[in-house]
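Engineer: generate a structure from the sequence data that follows.
(one chain, ligands or ions: 1)
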Amino acid sequence: MRVRIFLAVFFIGVGSTLLVGYGVLGFYKNQSITSKISHMVGYTNQIANQMVLSGYLSTNNRQPEISAELSLAAELSNGRILVVDGNLSVILDTYRQQEGTTLISEDAVRCLRGESRAIKEKEMQRAKITIPLVNSDTKEVLGGILFIFSLEQEYSMASMLQQKLLLFVGVIAVIVVFVGLLFSENLAKPLKEIVHSINHITEGYMDEDVSIHGCYEITQISDSINGMLKQMRQLEETRQEFVSNVSHELKTPIASMKVLADSLLSQEEAPTELYREFLQDINNEIDRENEIITDLLSLVKLDKKNGEMHIAQVSINELLEIILKRLKPIAKARNIELVFETFRPVLAEVDEVKISLAISNLIENAIKYNLEDGWVKVSLNADYKYFYLTVADSGIGIPESAQSLIFDRFYRVDKARSRQTGGTGLGLSITKNVVLMHKGVIKVYSRENEGSTFTMRIPLSFIA
Ligand code: ADP
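Structural biologist: A predicted model of the protein is given here:
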């Protein structure tokens, strides 16, 4: 990555300087050559007019001043001027070589046809101008001027500038190399640190926070990693706590069975009644173990998130009737009155098995943690968006300090009592999971020795 950043900086820095440099150079070269040629064309046209007006082409009128001026112009521009008459006879040659001879050249012939022209000869680094000498009244072509002049100065100026440009690019390249190295190092360093920290975490060092210094974005990445780490630690803690709770809960019935079996075995000739009594106790412990395992399995299934949801339109009223019918005998055994109050028929999109498990847990608890001759009131209501279920009881209530903990796995206010009533401490945890899977809310209001009220709010349409 460092190499790539460096190369990118280098190519962008040097490439753009070269591009801009050559662009400006090319423009300057063209501009200077074009302006020189057009200046020379203007000058030659002016001289041509002067020559026509003064009758320079006839031998008697040939003013020496014009000849001298042409010679000077040719000398100053490091060039050569030829003037021919209508018969292509050279009447002036600033080189004095061809005077008196006949000039047979394409340029001269074209000139006598009245064509004026200015061309640049790149290889020779010169320009050629041909201007016809025309009588403005009769439009007769009397002769012509051929002006060849050097563009060496313009070309050498451009090549000098090119050398300077290359030097400049060289300096820029050196600066860019330094800047590129510094930049790539600065950018890659925090990223390397991030990779290093992530590798460190992967190796199992989750207790240390990541601390990477850099620009705002890097600090943000560092904060995000720390946030993720915190969550991972919490998850790990919960997992460990859960595993130790599960082991403890599963070990308790086994320990009881072991004690019962040992005490039977230690007696040489125990009476049959004792055997029966102890076997009954062992049977109860097996039931309990079975109950814990069933609850744990329900919880594990729910933990597989929404993957296993079987959503269907369910009549909650009918569902409650079925649950209450099933629980009536348990309530009756303790002379607890079960009241069902419904305000309207409620149809909702829910997972019937799961929601029925959640509601059953609430009503079972209301019966379990109630007093003899008490009551449990279940009421159902709905608006356009949610249905509301309330399970109120006249039971023992929950101390305020425990109210936030009762939804935790294996939490029981009174372990001994809960054990007596067959509680595993997993019921409310299962209920809360089901409610959350339906994007609902569950709350508890309770006063010790007065009773508890659990309220549940579930959307009528399932939200995935
Ligand atoms: P358990 O299997 O022990 O009933 P739950 O998760 O269902 O486990 O409940 C957790 C604890 O919350 C119970 O052990 C009990 O102490 C308390 N609890 C739950 N429901 C009630 C209630 N209606 N009245 C009083 N206490 C309750």
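Engineer: where does Phe454 fall, secondary structure wise?
Structural biologist: Taking DSSP states H and E as the criterion, Phe454 maps to strand 451-459.
Engineer: near the ligand, which residues of the chain are found?
Structural biologist: Taking Cβ under 6 Å from any ligand atom as the criterion, the chain approaches the ligand at residues 361, 365-366, 369, 393, 395-398, 406, 411-414, 418, 423-429, 452. The C-beta positions use only the backbone N, C-alpha and C, and glycine is treated the same way.
Engineer: show the buried residues in those residues.
Structural biologist: Burial by neighbour count, 16 or more other Cβ atoms under 10 Å: within these this picks out 361, 365-366, 369, 393, 395-398, 406, 411-413, 418, 423-429, 452.
Engineer: and those, which of them are in strands?
Structural biologist: Under the assignment DSSP state E, these contribute Asp393, Ser452 to strands.
Engineer: can you tell me the element Leu182 falls in?
Structural biologist: helix 152-202.
Engineer: make that Lys443, sorry
Structural biologist: strand 441-447.
Engineer: name every strand pairing with that strand and say which way it goes.
Structural biologist: strand 451-459 (antiparallel) (DSSP bridges).
Engineer: can you give me the strands for the stretch 201-350 of the chain?
Structural biologist: Ranges of strands in the stretch 201-350 of the chain, per DSSP state E, counting those that start in this stretch, are 311-315, 337-342, 347-351.
Engineer: let's have the ones you listed in CSV, adding mean neighbour count and mean pLDDT.
Structural biologist: Shown next, in CSV, are those (neighbours: other Cβ atoms under 10 Å; pLDDT from 0 to 100):
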stretch, mean neighbour count, mean pLDDT
strand 311-315, 14, 95
strand 337-342, 14, 96
strand 347-351, 20, 95
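Engineer: re earlier: distance between the helix holding Leu182 and the chain's centre?
Structural biologist: From the chain centre to the centre of helix 152-202 is a distance of 28 Å (Cα atoms, centre = their mean, to the nearest Å).
Engineer: now swap in stretch 138-145 and tell me
Structural biologist: Worked out by Cα atoms, centre = their mean, stretch 138-145 lies 77 Å from the chain centre.
Engineer: stretch 184-204 too?
Structural biologist: 19 Å.
Engineer: what does it contact?
Structural biologist: The contact list for stretch 184-204 (Cβ atoms under 8 Å, 6 or more residues apart in numbering) reads 1-3, 5-6, 9, 208, 210, 212-215, 218, 221-222, 225, 229.
Engineer: give me the distance between the residue in the stretch 101-250 of the chain that the ligand sits nearest to and Arg412.
Structural biologist: Per Cβ to the nearest ligand atom, Glu249 is where the stretch 101-250 of the chain lies closest to the ligand, at 10.7 Å. To Arg412, Glu249 is 10 Å away according to Cβ to Cβ, to the nearest Å.
Engineer: list residues touching both of these two?
Structural biologist: Contacts common to Glu249 and Arg412, judged by Cβ under 8 Å, 6+ apart, are Gly425.
Engineer: what sits against Glu285?
Structural biologist: Glu285 neighbours (Cβ under 8 Å, 6+ apart): Pro253, Ile254, Ser256, Met257, Leu260.
Engineer: buried stuff in stretch 436-449?
Structural biologist: Quick answer for stretch 436-449 (16+ other Cβ under 10 Å): Met437, His438, Gly440, Ile442, Val444, Ser446.
Engineer: coming back round to it: narrow the buried ones among the residues of the chain next to the ligand to those in helices?
Structural biologist: Residues of those located in helices (DSSP state H): Asn361, Asn365, Ala366, Ser418, Gly427, Leu428, Ser429.
Engineer: now, which of these sits nearest Glu152?
Structural biologist: Checking these against Glu152 by Cβ to Cβ gives Ser429 as the nearest, at 95.8 Å.
Engineer: so the residue nearest to that closest one when sequence neighbours are not counted is in which element?
Structural biologist: Closest residue to Ser429 apart from its sequence neighbours, by Cβ to Cβ, 6 or more residues apart in numbering: Arg409 at 4.6 Å. Under the criterion DSSP H and E, no helix or strand holds Arg409.
Engineer: i'd like the first residue to be 773 from this point on
Structural biologist: All set: I'll call the first residue 773, so the last point we hit is now Arg1181.
Engineer: burial measure for Arg1181, as a count.
Structural biologist: 21 (other Cβ atoms under 10 Å).
Engineer: what sits against it?
Structural biologist: Phe1014, Asn1017, Leu1071, Gly1197, Leu1198, Ser1201.
Engineer: try 7 Å
Structural biologist: Phe1014, Asn1017, Gly1197, Leu1198, Ser1201 (Cβ atoms under 7 Å, 6 or more residues apart in numbering).
Engineer: wait, Thr1225 touches Ser1166, no?
Structural biologist: No: in terms of Cβ atoms under 7 Å, Thr1225 does not count as a neighbour of Ser1166; the distance is 10.5 Å.
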